[in-house]
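S.K.: predicted model and sequence follow; I will ask about them next.
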Amino acid sequence: DAKTTQPNSMESNEEEPVHLPCNHSTISGTDYIHWYRQLPSQGPEYVIHGLTSNVNNRMASLAIAEDRKSSTLILHRATLRDAAVYYCILRDVLLGGSEKLVFGKGTKLTVNP
Amino acid sequence: DTAVSQTPKYLVTQMGNDKSIKCEQNLGHDTMYWYKQDSKKFLKIMFSYNNKELIINETVPNRFSPKSPDKAHLNLHINSLELGDSAVYFCASTRTQQNTGANVLTFGAGSRLTVL
C-alpha cells in the first residue's frame, strides 16, 4: 500500500485559512490523492481528490506539488465545524480494477474560537 | 434520505454471542465495504463486495462473515464474539469505475459494538 505521512495534529483559529500537508514520496503515476475527514462520532466523509492539477470544490482546495510527492489540503476559512481528523490517502488500485482506501493516522485539526 | 444506513447504531453483547450488523445503501452503487475502527481510532478495511461478489478479504478471522444478498446490502455477521471485537464498524459504498483511482466512498454513520 502506498504510504502517506501527515502531522499528528494541527491547530487553527476560526475564520483563518488552514493548510494541511501530506507527504507521499512513493506515489506512482496512476495514484489519485484523496482527502477524507472524520468529524467526532461520525463516519469519514469525502473532501476532495486530484491526480496532477490543483483542484477546488465547495469544501476545500487541493494543491499538488509538481513532482506529486506532496500535497496540501487548504480550508480557506476554518469554522468550528471543520474540527476533525483529516486523512490523506493514495487510492490503491488492485488487480481487476478493485480498489480500497487505506487510511493512515491522519491529522487531528483543532479549530479555536 | 440516508445514503448509507447501518443498523444497529449501538450494540452491547456478551462474549461468545453471535451478532449481525446490517448495511443498506440507496445510492445505486455497486461496491460496498466494511471497515473497522478500533479504540486507537485506526480505520482498517475488512471486506469489499462488488455486485454481490467478494473482491477484498483482508486478514480477518473466520468468525466474521459478510453476506451480500443484493448490491444494495452488505451485512456483517460475527460469531463467537471476543473482547477484541469491540470497535466501531463502518459500512461504505461506491460506484466502481474500472482501473481508476477516482472513485469516491460514501460512509455510514457507524455501528459501535461493545463486547463485555
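M.R.: Received, thanks. Numbering: from 1, shown residues only, chains lettered A, B, ... in the order given.
S.K.: contact partners for the residue nearest the centre of chain B?
M.R.: The residue lying closest to the centre of chain B (C-alpha atoms, centre = their mean) is B:Trp34, at 2.6 Å. The contact partners of B:Trp34, by C-beta atoms under 8 Å, 6 or more residues apart in numbering or on different chains, come to B:23, B:45-48, B:66, B:74, B:76, B:89-92. All C-beta spots, glycine's among them, are computed from the backbone N, C-alpha and C.
S.K.: now go through these and say which are in helices.
M.R.: Using DSSP state H, no member of the contacts of B:Trp34 falls in helices.
S.K.: and these as CSV, adding pLDDT, distance to chain A and neighbour count?
M.R.: Formatted as CSV, those follow (pLDDT from 0 to 100; distance: C-beta to the nearest C-beta, whole Å; neighbours: other C-beta atoms under 10 Å in any protein chain shown):
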residue, pLDDT, distance to chain A, neighbour count
B:Cys23, 97, 11, 25
B:Ile45, 91, 5, 20
B:Met46, 92, 10, 18
B:Phe47, 90, 10, 21
B:Ser48, 89, 6, 27
B:Pro66, 92, 14, 19
B:Leu74, 95, 14, 28
B:Leu76, 96, 15, 23
B:Tyr89, 97, 10, 22
B:Phe90, 97, 5, 27
B:Cys91, 97, 8, 27
B:Ala92, 95, 8, 23
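S.K.: point me to the helix or strand that includes the residue nearest to the centre of chain B.
M.R.: Under the criterion of DSSP states H and E, B:Trp34 resides in strand B:31-37.
S.K.: who does that strand pair up with?
M.R.: Using DSSP bridges, strand B:31-37 pairs in its sheet with strand B:43-50 (antiparallel), strand B:87-94 (antiparallel).
S.K.: list the beta-bridge partners for B:Gln6.
M.R.: Residues in beta-bridge contact with B:Gln6 (DSSP bridges): B:Cys23.
S.K.: that one reaches B:Phe107, doesn't it?
M.R.: No. Contact between B:Gln6 and B:Phe107 fails when scored by C-beta atoms under 8 Å: they sit 9.4 Å apart.
S.K.: shared neighbours, these two?
M.R.: Residues touching both B:Gln6 and B:Phe107 (C-beta under 8 Å, 6+ apart) are B:90-91.
S.K.: strands along chain B, start to end?
M.R.: Taking DSSP state E as the criterion, chain B carries its strands at B:4-7, B:10-13, B:19-25, B:31-37, B:43-50, B:53-57, B:64-67, B:75-78, B:87-94, B:106-107, B:111-115.
S.K.: what's near enough to touch the closest residue to B:Gly84 other than its chain neighbours?
M.R.: Here the nearest residue to B:Gly84 in space, its sequence neighbours aside, is B:Val115; by C-beta to C-beta, 6 or more residues apart in numbering or on different chains that works out to 8.0 Å. Counting by C-beta under 8 Å, 6+ apart, B:Val115 makes contact with B:13-15, B:81-86.
S.K.: out of those residues, which end up buried?
M.R.: Among these, those classed as buried by 16 or more other C-beta atoms under 10 Å in any protein chain shown are B:13, B:81, B:85-86.
S.K.: wait, which of those is closest to chain A?
M.R.: Using C-beta to the nearest C-beta, B:Ser86 is the member of those that lies nearest chain A, at 16.0 Å.
S.K.: how many neighbouring residues does residue 39 have?
M.R.: Went with chain A since none was named. Neighbourhood size, A:Leu39 [other C-beta atoms under 10 Å in any protein chain shown]: 13.
S.K.: correction: the question concerned chain B.
M.R.: B:Ser39: 9 neighbours (other C-beta under 10 Å).
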